[in-house]
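**Q** Give me coordinates for this.
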Amino acid sequence: RSLPRVVGIAASATAAFALDSTGRVWAWGSNRNGQLGDGTGSDRRGPVLVAGLSAVKEVAAGFSSVFALASDGTVWGWGKNNLGQLGVGHQDDVYTPTAVVGLPDVRSIAAGWAAAYAVTFDGSVWTWGNNDSGQLGMPARAESLVPVQLEGFSGVIEIAARKNSVYALTSGADAQSGYT
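**A** The predicted model follows:
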């Protein structure tokens, strides 16, 4: 199946995701934990439409969890959730997009291995999921099943994550070096 015009992509460990120009999300690959968001646990060799999403402007993927940022600032998550990485208040896998709880108006998102991050329009950073390596930026190494605002951060405009670490760019950063 061919896709409509793609404007964004993301990849998890075993699946791929495409954001089309109309704000819909497509997925294919492994679906063991519901990471394709089509309501099934069936693997897909070709793209399938992720259920119930529209007006999406960004997609981010962790190991087997996926997030979509809608144009209204809401964040949706689906897939593997054993460490609370979806931010929906429980640890059960989710097979269709579900709203991440308690986030204010979100500007951008990022996903690590089993944790996720959001930057709001006021420049604050919110984190949730696994924290065994301190990747949520909180002193306690416990998981967070819902988003928690990270203290000491302001003026953040973009965030990037990898397995167990996260990086923030502030509005005061030097455009040439990236340093404040």
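
**Q** For the residue nearest the centre of the chain, pull up the helix or strand it's in.
**A** Nearest to the mean C-alpha position of the chain, by Cα atoms, centre = their mean, lies residue 67 at 3.4 Å. Using DSSP states H and E, the element containing residue 67 is strand 65-70.

**Q** which residues are contacting that strand?
**A** With contacts defined as Cβ atoms under 8 Å, 6 or more residues apart in numbering, strand 65-70 is touched by 10, 12, 15, 17, 19, 23, 25, 27, 33, 35, 37, 50, 53-61, 75-81, 85-86, 97, 100, 106, 108-109, 111, 114, 116, 118. The C-beta positions use only the backbone N, C-alpha and C, and glycine is treated the same way.

**Q** if you set the cut-off to 6 Å instead, what comes out?
**A** With Cβ atoms under 6 Å, 6 or more residues apart in numbering as the test, strand 65-70 has contacts from 25, 35, 53, 55-60, 75-80, 85-86, 106, 109, 111, 116.

**Q** Is there a quick ChimeraX command that grabs whichever of the residues you listed are buried?
**A** A single ChimeraX command selects the buried members of the contacts of strand 65-70 (16 or more other Cβ atoms under 10 Å):
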select :25,35,53,56,57,58,59,60,75,76,77,78,79,80,85,86,106,109,111,116
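
**Q** Where does pLDDT dip in the chain?
**A** 1, 173-180 (pLDDT under 70).

**Q** Can I get the very next helix or strand once past the strand holding residue 67 as PDB, trimmed to CA atoms?
**A** Once strand 65-70 ends, the next helix or strand along the chain (criterion: DSSP H and E) is strand 75-79. Output in PDB follows, covering the C-alpha atoms of strand 75-79 (Å, rounded to 0.1, in the frame of the first residue of the first chain):
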ATOM      1  CA  VAL A  75      -0.500  14.000  23.500                       C
ATOM      2  CA  TRP A  76      -1.700  10.500  22.700                       C
ATOM      3  CA  GLY A  77       0.200   7.300  23.600                       C
ATOM      4  CA  TRP A  78      -0.200   3.600  22.700                       C
ATOM      5  CA  GLY A  79       1.800   0.400  22.800                       C
END
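
**Q** Could you list the buried residues of stretch 90-97?
**A** Going by 16+ other Cβ under 10 Å, stretch 90-97 has these buried residues: 93, 94, 95, 96, 97.

**Q** Oh, that last question was meant for stretch 31-40, not what I typed.
**A** Neighbour counts using 16+ other Cβ under 10 Å place 31, 32, 33, 34, 35, 36, 37, 38, 39 of stretch 31-40 among the buried residues.

**Q** Perfect, that will be all.
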